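Novice: here is the input, now give the coordinates:
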Amino acid sequence: IAEPVKKENEAEEIAPPLFTSENGGLLAQYFAVGILYGGLPATIYGLFLGYLNTPGYVYATARVVTMLPWSFKFGFGMLNDLFPLGGYHRVL
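Specialist: Take a look at the predicted model:
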């Protein structure tokens with residue numbers, strides 16, 4: 001496998017330091033997504049099937065409804081790029 005050719009004027013990519021105060025929001029965001037995406041379905045399982053004794057289709061419906069915002073993430077991001085909230089555009 002051939003190595004990619006690097007152009008002379010191309011800047012070297014350097015990974016940002018994650019454990020600084022400037023990048024703490026990135027870690028907090030990943031933590032929040034992990035809690036919502038991993039912890040919420042487990043809680044719903046115990047609540048609906050263990051405590052409320054609901055049928056399986058009710059649990060399946062609740063799980064799908066809790067994951068809907070994750071499915072709409074791309075659409076909401078595109079909508080925010082087209083019509084920025086508060087007049088702020090995304091900074092790359």
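
Novice: spatially central residue for the protein, please.
Specialist: Taking Cα atoms, centre = their mean, the centroid of the chain lies closest to Val33, which sits 5.3 Å from it.

Novice: touching the host helix or strand of it from outside, list them.
Specialist: Element membership for Val33, per DSSP states H and E: helix 24-34. With contact meaning Cβ atoms under 8 Å, 6 or more residues apart in numbering, helix 24-34 is reached by 18-19. Any C-beta I mention is one placed from the backbone N, CA and C, and that applies to glycine too.

Novice: gap between that helix and the chain center?
Specialist: The chain centroid and the centroid of helix 24-34 are separated by 9 Å, computed with Cα atoms, centre = their mean, to the nearest Å.

Novice: what's the angle between the longest helix belonging to the chain and helix 24-34?
Specialist: Among the segments of the chain that qualify as a helix by DSSP state H, the longest is helix 56-71. Going by axes from the mean of the first three to the mean of the last three Cα atoms, to 10 degrees, helix 56-71 is angled at 160 degrees with respect to helix 24-34.

Novice: average pLDDT for the following helix or strand past helix 56-71?
Specialist: The C-terminal neighbour of helix 56-71 among helices and strands, as given by DSSP H and E, is helix 73-82. Mean pLDDT, helix 73-82: 86.

Novice: got the CA positions of helix 73-82 in PDB?
Specialist: What follows is helix 73-82 as a C-alpha-only set of coordinates in PDB (Å, rounded to 0.1, in the frame of the first residue of the first chain):
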ATOM      1  CA  LYS A  73     -30.000  14.900  14.200                       C
ATOM      2  CA  PHE A  74     -28.900  15.300  10.600                       C
ATOM      3  CA  GLY A  75     -32.100  17.200   9.600                       C
ATOM      4  CA  PHE A  76     -31.900  19.500  12.600                       C
ATOM      5  CA  GLY A  77     -28.300  20.200  11.900                       C
ATOM      6  CA  MET A  78     -29.100  21.000   8.300                       C
ATOM      7  CA  LEU A  79     -32.000  23.200   9.300                       C
ATOM      8  CA  ASN A  80     -29.800  25.100  11.800                       C
ATOM      9  CA  ASP A  81     -27.200  25.600   9.000                       C
ATOM     10  CA  LEU A  82     -29.800  27.000   6.600                       C
END
